[in-house]
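Trainee: Fold the following, please.
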Amino acid sequence: MKAKTKLEYYSAYPRIREEILVGPPKLTRFEKARIIAIRALQLSRGAPPLVSPEAVRSTDPVIIAKYEVENGILPVSILRYTSSGLRQSIPLSLLVKLTREVAGRIE
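Mentor: Numbers count the residues shown, from 1 in each chain. Purely as a prediction, here's the structure:
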């Protein structure tokens, strides 16, 4: 599947542009990496996983955290802001859903 250009994201999905005002209409690789790292640290320090390790088939905190992020299970919101002061809090579950809708998969 060919990756879509930025112009195609914005022109092909006007509904997404109404919901996501700040930043790209998908979960960026930087946001994903940071959320996985923070969640893996929490799991390694004893926080209970939101999915059973049997469902993930692993007890590794990084793999469990990645599974939780890619399936939109974490009750987390991403705060995006611009230099002009515009801020938007976007639920992770919405970003995961839109990423799948636009790109076809979570990168």
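Trainee: Specify which residues of this protein, grouped into ranges, have pLDDT under the cut-off.
Mentor: For the chain, the stretches with pLDDT under 70 are 1-18, 103-107.
Trainee: can you give me the strands for this structure?
Mentor: 77-81, 87-91 (DSSP state E).
Trainee: Including distance to Ile20 and mean neighbour count, could those go into TSV?
Mentor: For every residue, glycine as well, the C-beta is placed using N, CA and C. Putting the strands of the chain into TSV (distance: least, Cβ to Cβ, whole Å; neighbours: other Cβ atoms under 10 Å) gives the following:
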stretch	distance to Ile20	mean neighbour count
strand 77-81	8	14
strand 87-91	6	14
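Trainee: Columns distance to Val62 on top of those strands, output as JSON lines?
Mentor: Formatted as JSON lines, the strands of the chain follow (distance: least, Cβ to Cβ, whole Å):
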{"stretch": "strand 77-81", "distance to Val62": "20"}
{"stretch": "strand 87-91", "distance to Val62": "23"}
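Trainee: Leu50: which of those is closest?
Mentor: Each of the strands of the chain has some distance to Leu50 by Cβ to Cβ; the shortest is strand 87-91, at 14.8 Å.
Trainee: Output the contacting helices and strands for that closest one.
Mentor: strand 77-81 (3 or more Cβ pairs under 8 Å, 6 or more residues apart in numbering; DSSP states H and E).
Trainee: Does anything pack onto the strand it packs on? Which helices or strands?
Mentor: Using 3+ Cβ pairs under 8 Å, 6+ apart, strand 77-81 sits against strand 87-91, helix 92-103.
Trainee: mind redoing it with 6 Å?
Mentor: strand 87-91 (3 or more Cβ pairs under 6 Å, 6 or more residues apart in numbering; DSSP states H and E).
Trainee: Let me know the angle separating the strand it packs on from strand 77-81.
Mentor: 160 degrees (axes from the mean of the first three to the mean of the last three Cα atoms, to 10 degrees).
Trainee: Within the sheet, what are the partner strands of strand 87-91, with directions?
Mentor: Next to strand 87-91 in the sheet, as set by DSSP bridges, lie strand 77-81 (antiparallel).
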